[in-house]
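Trainee: Predicted model and sequence below, questions to follow.
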Amino acid sequence: MHFYIGNKLYSSWSLRPWLLMRALGLKFDETVIPLNVETTAQAIAKVSGAGKVPVLVDDGQTVWDSLAITEYLQEKFPDKPVWPANPQARTHARCLSAEMHSSFMALRGACPMNLGKHYARKDRGADVATDAARIDHIWLEARQNLGQSTDAPFLYGEFCAADAMFAPVVTRLDTYDIPVSDPARAYMDAVLGHPAFIEWRTAALKEPWIIEQDEVDEVAIENFRPHLA
Ligand SMILES: N[C@@H](CCC(=O)N[C@@H](CS)C(=O)NCC(=O)O)C(=O)O
């Protein structure tokens, strides 16, 4: 399998399936296509007409879009826990992932994924707060509803596709210090502490690129790439 992804520091959509594939222990090669540079469109066009990453190429088949890649992995590796084993939990996990795929525009617009900074808490607008409250609620619903204790680290116990889908949102809530409940914070810490996420972030911090439009606040509390400042 060959995986084409965007900058690890900023590409939220790329992070999702990459994290899932790593967490599942799948083997793949990867190419990072730098976003927002002159060559971006041409480089992506070589692998997909959709003009977006991530793109998975496997056995002559091209799979674009993070959620489609997730379902492809489920079909190709039916023995891997892509989705929860329990049917009710599986349906819930698919609903959460679809909601993530199509919603939370305010949060996504105001707080781009940026693994290189920590920003001070501030009012990011009512719509962002509404998105964060909905996310907090559905995380708790996943962890309570399906017969698990809220002490289980991930949404349905074991790390699955729904956790991967929400990983970029976890980083956004963390980067911009958006207020969340204690159980949500504990969940975020579990995702941020997952070895696959740490591997991604370590590589992200070594990247040389800065995408100005994703650097939203002028002043950061912490800059994890001071050599680029
Ligand atoms: N719905 C798509 C969205 C993919 C997407 O928007 N990717 C962004 C990067 S995170 C992209 O490729 N942008 C192209 C560009 O910046 O030129 C998915 O889930 O894979």
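Mentor: Done, it's in. Numbering: from 1, shown residues only.
Trainee: Between the two ends of stretch 104-123, how far is it?
Mentor: This stretch, stretch 104-123, spans 17 Å end to end (C-alpha to C-alpha, to the nearest Å).
Trainee: That stretch and the ligand, any residue contact?
Mentor: No: against the ligand, stretch 104-123 shows no contacts by C-beta under 6 Å from any ligand atom, the least distance being 8.0 Å. The way it works is simple: take the backbone N, C-alpha and C, and place the C-beta from them, glycine included.
Trainee: So which bits of that stretch are buried?
Mentor: For stretch 104-123, burial by neighbour count (16 or more other C-beta atoms under 10 Å) applies to 104, 106-108, 110-117, 119.
Trainee: Just the ones of those in strands?
Mentor: Of these, the ones assigned to strands by DSSP state E are Lys117.
Trainee: Would you point out the most distant pair within the buried residues of stretch 104-123?
Mentor: The distance between the two most remote of the buried residues of stretch 104-123 (C-beta to C-beta) is 22.4 Å, for Ala106 and Gly116.
Trainee: pretty sure Leu56 belongs to a strand, no?
Mentor: Yes: when DSSP: H, G, I helix; E, B strand; the rest coil is applied, Leu56 is found to be in a strand.
Trainee: Spit out the contact partners of it.
Mentor: With contact taken as C-beta atoms under 8 Å, 6 or more residues apart in numbering, Leu56 is in contact with Met1, His2, Phe3, Tyr4, Pro17, Phe28, Thr62, Val63, Trp64, Ile69, Tyr72.
Trainee: which residues are in contact with whichever strand or helix holds the fifth one?
Mentor: It refers to Pro17. Pro17 belongs to helix 12-23 when elements are defined using DSSP states H and E. For helix 12-23, the surrounding residues in contact (C-beta under 8 Å, 6+ apart) are 1, 3, 5-6, 8, 28, 30, 52-54, 56, 66, 69-70, 73, 82, 108, 112-113, 159-161, 164-165, 167-168, 171-172, 194, 196-197, 199-200.
Trainee: which of those are buried?
Mentor: Buried among the contacts of helix 12-23 (16+ other C-beta under 10 Å): 1, 3, 5-6, 8, 30, 52-54, 56, 66, 69-70, 73, 82, 108, 112-113, 159-161, 164-165, 167-168, 171-172, 194, 196-197, 200.
Trainee: I'd like the mean pLDDT over the helix or strand where Ala129 lies, please.
Mentor: Here Ala129 sits within helix 126-145, counting by DSSP H and E. Average pLDDT, helix 126-145: 95.
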